[in-house]
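>>> pasting the sequence and the predicted coordinates here, then a few questions.
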Amino acid sequence: MTWLLVVIYLNLSVAPPHIEHAEIVGSFQSEQSCIKKQQEFIDQSQKDNVKMPDNFNLGCIPFKRSIM
């Protein structure tokens, strides 16, 4: 199974919040490697003293594709 590292920006000015922009920033062969890359991104941001905006979401999702 392939895992996708996805960044999602939410529109927080509406209720309920809507997705304003989504982008796949990487693909991985295992959940562990995706989570590792996600953690590296967060650690680097903290090291560089970059504050993540409230509408920023980063996560790993499975991508199951079947070909008929």
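Now that the structure is in, tell me what you want to look at. Predicted model only: the values in this text are computed from it and were never measured. Numbering: from 1, shown residues only.
>>> measure residue 30 to residue 36 for me?
In this view, residue 30 and residue 36 are 9 Å apart by Cβ to Cβ, to the nearest Å. (C-beta placed from N, C-alpha, C; glycine too.)
>>> give the intersection of the neighbour lists for these two.
With contacts defined as Cβ atoms under 8 Å, 6 or more residues apart in numbering, no residue is shared by residue 30 and residue 36.
>>> shaky segments in this protein?
Across the chain, the ranges flagged by pLDDT under 70 are 66-68.
>>> the strands in it, which residues?
For the chain, the strands defined by DSSP state E cover 2-11, 18-28, 56-63.
>>> tell me how many other residues crowd the spatially closest residue to residue 18 that is not a sequence neighbour.
When the adjacent residues along the chain are set aside, residue 18 lies closest to residue 11, with 4.7 Å between them (Cβ to Cβ, 6 or more residues apart in numbering). For residue 11, the count of nearby residues is 12 (other Cβ atoms under 10 Å).
>>> run through the residues that contact residue 11.
By Cβ under 8 Å, 6+ apart, the contact list for residue 11 reads 17-20, 55.
>>> residue 31: what's it in contact with?
Shown in contact with residue 31 (Cβ under 8 Å, 6+ apart): 3, 60, 62.
>>> just put the residues you listed in TSV and tack on distance to residue 47.
What follows is these, written out as TSV (distance: Cβ to Cβ, whole Å):
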residue	distance to residue 47
3	24
60	21
62	29
